[in-house]
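Chemist: All I have is the shape, not the residue letters:
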């Protein structure tokens with residue numbers, strides 16, 4: 001199996017691990033973060049997803065690996081259907097088809113640079129500083145919007161998480177290239193530290209983005225921002241490209257738009273009753289506070305209704 005085949009296989013396994021981790025984390029939330037076994041399963045699946053993702057970066061371009069990461073939502077679709085005992089609707093299948101078709105087109109046009117994806121210390125520091133600045137601006141904007149619009153706050157935080165995740169993957173690929181090409185002594189401690197910082201920061205920002213806005217909007221935002229940022233950085237930093245020159249890039253851009261629409265649709269259809277309840281609760285709670293009263297018993301802000309369509 002060639003490098004692209006390994007990248008695809010490892011990325012698919014990584015996406016499946018992340019989807020399983022999401023289910024485990026949702027169950028943890030339902031049980032108020034209690035249960036050692038649930039914590040162990042969630043952490044094990046998350047760690048497996050991270051490890052497989054890093055390995056995939058060693059075999060494929062950043063654009064391909066990050067795009068395949070959106071398959072997490074595709075795996076979440078049947079899991080959500082089985083978990084909540086609902087049928088998968090025709091629009092959900094259309095979203096899944098759009099995502100897979102766009103991914104296949106991106107894969108068929110992707111070409112890796114002949115040179116190893118190495119990054120100089122100076123270039124790594126510049127990329128890291130730019131990333132931290134962008135993440136800081138998005139986080140600051142989210143803080144400013146916190147009181148006025150929980151949804152926009154969530155979108156800004158999830159966008160910051162997507163930027164952090166995307167660049168951490170780019171830096172991970174550079175660190176792996178240094179390790180395989182020149183040995184452990186050539187690995188930059190600064191870049192390694194930035195990978196850990198951005199990965200951890202992205203995770204925390206992603207968790208914060210779900211508060212008060214449900215899951216659909218933040219999940220779609222981070223799922224779209226992550227691969228787009230990583231793909232652009234991969235093209236600029238590692239000179240990754242696509243077949244057929246400008247025409248190929250135009251086709252890939254169109255495929256990315258189609259994939260984005262599919263991912264947004266999948267995010268909306270895989271959030272489950274808990275997410276729907278949270279979003280309804282946030283809306284009801286905000287309305288009640290604006291009117292100067294607490295949410296009434298039996299309202300969406302007071303209890304969690306069950307049952308949503310996938």
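Modeler: Cool, got the structure. All of these numbers come straight from a predicted model, not from anything done at the bench.

Chemist: CA atoms for contacts and neighbours, from now on please.
Modeler: Will do.

Chemist: what about residue 141, how many neighbours?
Modeler: As a burial measure, residue 141 scores 15 neighbours (other Cα atoms under 10 Å).

Chemist: Tell me which residues of stretch 147-161 come out buried.
Modeler: Across stretch 147-161, burial judged by 16 or more other Cα atoms under 10 Å covers 150-161.

Chemist: Skipping adjacent residues, who's closest to residue 87 in space?
Modeler: Nearest non-adjacent residue to residue 87, counting by Cα to Cα, 6 or more residues apart in numbering: residue 81, 6.0 Å away.

Chemist: hang on, the one you found packs against residue 75?
Modeler: No. Counting by Cα atoms under 8 Å, residue 81 stays clear of residue 75, with 10.5 Å between them.

Chemist: Quickly note the distance from residue 189 to residue 179.
Modeler: 12 Å (Cα to Cα, to the nearest Å).

Chemist: And the two? Which one has more around it.
Modeler: Taking other Cα under 10 Å, residue 189 and residue 179 do not tie; residue 179 has more neighbours (16 against 12).

Chemist: distance of the more buried one from residue 225?
Modeler: Distance of residue 179 to residue 225, computed by Cα to Cα: 28 Å.

Chemist: Residue 236: how many residues sit nearby?
Modeler: Residue 236 has 11 nearby residues by other Cα under 10 Å.

Chemist: in which helix or strand would I find it?
Modeler: Assigned by DSSP states H and E, residue 236 falls within helix 216-238.

Chemist: which strands and helices sit next to that helix?
Modeler: For helix 216-238, the contact count by 3 or more Cα pairs under 8 Å, 6 or more residues apart in numbering; DSSP states H and E identifies helix 62-68, helix 150-182, helix 189-209, helix 245-269 as packing neighbours.

Chemist: Show residues contacting the shortest one.
Modeler: Residues outside helix 62-68 that contact it (Cα atoms under 8 Å, 6 or more residues apart in numbering) are 7-8, 11-12, 15, 53, 56-57, 103, 106-107, 110, 166, 169-170, 173, 226-228, 230-232, 234.

Chemist: hmm, try it at 7 Å
Modeler: 7, 11-12, 56-57, 103, 107, 170, 227, 230-231, 234 (Cα atoms under 7 Å, 6 or more residues apart in numbering).

Chemist: Would you format those as TSV with distance to residue 118 included?
Modeler: Below are the contacts of helix 62-68 laid out as TSV (distance: Cα to Cα, whole Å):
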residue	distance to residue 118
7	18
11	21
12	25
56	16
57	13
103	26
107	22
170	10
227	20
230	15
231	16
234	11
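
Chemist: And these, which is closest to residue 22?
Modeler: The closest of the contacts of helix 62-68 to residue 22 turns out to be residue 12 (Cα to Cα; 15.3 Å).

Chemist: ok, that closest one to residue 64 distance?
Modeler: 11 Å.

Chemist: More neighbours: which of these two?
Modeler: Set residue 12 next to residue 64 and count neighbours by other Cα under 10 Å: residue 64 wins out with 27 against 23.

Chemist: Distance check, the more buried one against residue 16.
Modeler: Computed with Cα to Cα, the distance linking residue 64 and residue 16 is 16 Å.

Chemist: cool, and residue 185?
Modeler: Plainly put, residue 185 is 34 Å away from residue 16 if you go by Cα to Cα.

Chemist: Among those two, which residue is more densely surrounded?
Modeler: Using other Cα under 10 Å, the more surrounded residue of residue 185 and residue 16 is residue 16, with 22 against 9.

Chemist: so for the strand or helix carrying the more buried one, what's the average pLDDT?
Modeler: Taking DSSP H and E as the definition, residue 16 sits inside helix 3-30. For helix 3-30, mean pLDDT is 81.
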